[in-house]
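Colleague: What follows is a predicted structure for the sequence shown.
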Amino acid sequence: MTNIAPQLNSIETSEIQVLEEVKVSAMCGITKVEWDNEKPVTPVGQLVFFSQYLKCSELFRNWVTSAPLSYTSNNAPAPKDILGTVLLSVLLGHKRYCNVEQIFGDEVSAKVLGINKICSDDSTRRGIKRLDETDALEWLNNCLKHSWEPMLERAWILDIDSTVKPVFGKQEGSAVGYNPSRPGRPSFSFHSYFIANTRITLGVEVHPGNEHAGSHALPGLFQFIDQLSIDQRPNFIRGDVSYGSESMILQCEARQQPYLFKIKKSPKVKSLIKSLESSNPEWKNAGQGWQGHVTELQLSGWSCKRKVLILRRQHKEKLPTEVKKLTKNTTQDQVLFPEMFNKNLPKWEYAPLVTDLEDSVMAIAQHYRDRGDCENNYDEFKNQWGWGGFTSKDLSSTKIMASIVALVSNWWNIYSRLIIPQKHAEAITSRPLLLDAVGVMIRGKRERRIRLSTNNKAAKKIALATQNLVHFLNRVTAEQFEPLERLKAIIRQAFITFEIAESLSPPRLLE
């Protein structure tokens, strides 16, 4: 954003020295305009409700007090101001440090977050760069753990996946690798773990673009698994074909950790499929047009035989040209089997899975279909949050900001579900709904007041929902629970429509 203050110095203001009401002949007619710079305003007035949620759960306080960030100069900004600026920038969906200029000078937001000021983009960038990578990642992983640990008191599934983020310019750690959208462009690979169906991030690792394979996530994944108690571990780990390798499966079996992975259609898998086609075994219903058959298979790289589920469904490829011509003047009922017109049209498409789950064919197939929600996570994090943004020339800052984005998104995910518990509202929807409102701060002798105004057509529903949220958080605070118990109460309320709400130990407030 261009700073216009120097440009204003050249404007002649000697004729009028006092601000006064003026009449403007606009296209809407004569309009009286007056300036009021005494009352500070903010475009995100509803931030005050999010601030109460952070204060009640003590998420922000714990994050700031445990931060390995300090300054020795008296002129340097306070670490709390740097972290508060980063929080607000990430929360608003910024992807570049320069975007911080959009909130620079927002006095109301600074007061609401309990910080002295919103720092400049240069101060923010230097503050992140000042952090030691090892200490910072340990600090952020502990804060991430604090945000999701209460959710592991119930049965849950761990989704693991990776995504590619192209980068531009010369950035440390970027490399040319698998990049379908921009072939030949250097990139980073983001390996991350999620609690299935909740959009809660458990952790993220940033690797060079040529380390997109699932094997590169093994050390971090099982270091994460090993830190969990037996009761906290997932029901099973779920991943796509990148993770269906012998090394991944052996690590799971060594820990007696159930798993479900897709495997490649290697020559042995193709041979198995051909034998099934010729022997015509019993195929069980797997739902949504799929059929499944359970068997055993030992691939050339495997140390033993393992349970394999072969799924198949009728192929949905486009009809060949000659079939289109034959069916042009016929009804759909007259051509039920287009493969009769073209013998080369495949009749079935197959999907092989390896697992040690004892569930039915229908249940296992549905478990893997549910993994598709993990792709929605990446769409939201890359396009609606700053994942892959805030990049700089040093790799450590990129890793730190990736974890900060994951942390802030977890906080916002829980908060937005407190107000909209029926479903997950993506950031592109929840931000304008739950943050945008013109807030005018009015200072009195004994109190501070913020007057909100929004032209959103759902303004009344928003006001009622936030009122209910305030009453709930006030009750949680009034009961004087320990911070962890307050966080449990908040999470239970946020995920009340999910199974996760049933097994959290409710405090007296929620009984």
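Modeller: Right, received. Where do you want to start?
Colleague: Would you check that Asp135 makes contact with Ser70?
Modeller: No: using CB atoms under 8 Å, Asp135 makes no contact with Ser70, being 11.2 Å away. All C-beta spots, glycine's among them, are computed from the backbone N, C-alpha and C.
Colleague: When those two are compared, which one has more neighbours?
Modeller: Shown here are Asp135 and Ser70; by other CB atoms under 10 Å, Asp135 has more neighbours (12 against 9).
Colleague: per-residue pLDDT, that one?
Modeller: We have a pLDDT of 96 for Asp135.
Colleague: Walk me through the domains of the chain.
Modeller: 262-356, 428-510 (automatic domain parsing).
Colleague: For Pro79, which of those domains is the nearest?
Modeller: domain 428-510 (20.7 Å; CB to CB).
Colleague: So for stretch 38-51, first residue to last residue, what's the gap.
Modeller: Distance across stretch 38-51, first residue to last, is 24 Å (CA to CA, to the nearest Å).
Colleague: List of residues touching it?
Modeller: 88, 91-92, 106-109, 112-114, 412, 415, 434-442, 450, 452-454, 462, 466, 469-470 (CB atoms under 8 Å, 6 or more residues apart in numbering).
Colleague: how about the strands of the protein, start to end?
Modeller: 22-26, 29-33, 41-42, 157-166, 187-195, 200-208, 236-239, 259-262, 284-287, 290-297, 306-314, 348-355, 438-443, 448-453 (DSSP state E).
Colleague: What residue, apart from its backbone neighbours, is nearest Ser181 spatially?
Modeller: Pro166 (6.8 Å; CB to CB, 6 or more residues apart in numbering).
Colleague: so how many other residues sit close to that neighbour?
Modeller: Pro166 has 16 neighbours, counted by other CB under 10 Å.
Colleague: Could you do Ser229 as well?
Modeller: Neighbour tally, Ser229, other CB under 10 Å: 7.
Colleague: Filter the contacts of stretch 38-51 down to just the buried residues.
Modeller: 88, 91-92, 106, 108-109, 112-113, 412, 415, 434-437, 439-441, 450, 452, 454, 462, 466, 469 (16 or more other CB atoms under 10 Å).
Colleague: Could you list which of those residues belong to helices?
Modeller: Leu88, Leu91, Val108, Ser109, Val112, Leu113, Trp412, Tyr415, Leu434, Ile462, Thr466, Leu469 (DSSP state H).
Colleague: Kindly indicate which of those lies nearest Ser247.
Modeller: Trp412 (35.4 Å).
Colleague: Hmm, that closest one is touching Ala425, no?
Modeller: No: taking contacts as CB under 8 Å, Trp412 lies outside contact range of Ala425: 9.9 Å.
Colleague: and Gly209, what does it touch?
Modeller: Gly209 sits in contact with Val164, Ser174, Ala175, Val176, Gly177, Tyr178, Asn179, Pro186, Ser187, Phe188, Ser189, where contact means CB under 8 Å, 6+ apart.
Colleague: Give me the buried subset of those residues.
Modeller: Looking at the contacts of Gly209 with 16+ other CB under 10 Å, the buried ones turn out to be Val164, Ser174, Ala175, Gly177, Asn179, Pro186, Ser187, Phe188, Ser189.
Colleague: Make TSV from these and add distance to Ile225 and pLDDT to it.
Modeller: What follows is the buried ones among the contacts of Gly209, written out as TSV (distance: CB to CB, whole Å; pLDDT from 0 to 100):
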residue	distance to Ile225	pLDDT
Val164	25	87
Ser174	29	87
Ala175	27	88
Gly177	26	83
Asn179	29	79
Pro186	31	88
Ser187	27	88
Phe188	24	89
Ser189	20	90
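Colleague: Would you reformat the residues you listed as TSV and include distance to Cys374?
Modeller: Converted to TSV, the buried ones among the contacts of Gly209 look like this (distance: CB to CB, whole Å):
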residue	distance to Cys374
Val164	15
Ser174	24
Ala175	24
Gly177	20
Asn179	20
Pro186	25
Ser187	19
Phe188	18
Ser189	15
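Colleague: For His146, list the residues it contacts.
Modeller: Leu59, Asn62, Leu487.
Colleague: how near is it to Glu253?
Modeller: For His146, the distance to Glu253 equals 31 Å [CB to CB, to the nearest Å].
Colleague: swap in Asp121?
Modeller: Counting by CB to CB, the gap from Asp121 to Glu253 is 49 Å.
Colleague: Between these two, point out the one with more neighbours.
Modeller: Legend: neighbour count by other CB under 10 Å for Asp121 and Glu253, higher for Asp121 (20 against 15).
Colleague: What does the pLDDT read for that one?
Modeller: Note on Asp121: pLDDT of 93.
Colleague: Can you give me the pLDDT of the residue nearest to it when sequence neighbours are not counted?
Modeller: Distances taken as CB to CB, 6+ apart put Val100 closest to Asp121, at 4.0 Å, once the chain neighbours are dropped. Here the pLDDT value assigned to Val100 is 94.
Colleague: Can you report how many residues lie near Val100?
Modeller: Val100: 24 neighbours (other CB under 10 Å).
Colleague: swap in Lys274?
Modeller: With other CB under 10 Å as criterion, Lys274 counts 10.
Colleague: Which one, of the domains of the chain, ends up nearest to Glu375?
Modeller: Shortest distance between Glu375 and these, using CB to CB, is found for domain 262-356: 13.5 Å.
Colleague: Below-threshold pLDDT in the stretch 351-500 of the chain: ranges please.
Modeller: Along the stretch 351-500 of the chain, the model assigns pLDDT under 70 to residues 498-500.
Colleague: can you give me the helices in it?
Modeller: 361-370, 373-383, 395-419, 427-434, 459-478, 483-494, 500-503 (DSSP state H, counting those that start in this stretch).
Colleague: list the buried ones in the first one?
Modeller: Right, the one you point to is helix 361-370. Val361, Ile364, Ala365, His367, Tyr368.
Colleague: residues contacting the fourth one?
Modeller: Listed by CB under 8 Å, 6+ apart, the contact set of His367 reads Ile157, Phe236, Arg238, Leu260, Leu357, Asp359.
Colleague: Gly289: neighbouring residues, count only.
Modeller: Applying other CB under 10 Å, we find 10 other residues in the vicinity of Gly289.
Colleague: And for Ser51?
Modeller: Neighbour tally, Ser51, other CB under 10 Å: 16.
Colleague: Excluding chain neighbours, give the residue nearest to the residue most central in space within the chain in space.
Modeller: The chain has Phe381 as the residue nearest its centroid, 4.6 Å off, counting by CA atoms, centre = their mean. The spatially closest residue to Phe381, leaving aside those adjacent along the chain, is Trp387, at 4.1 Å (CB to CB, 6+ apart).
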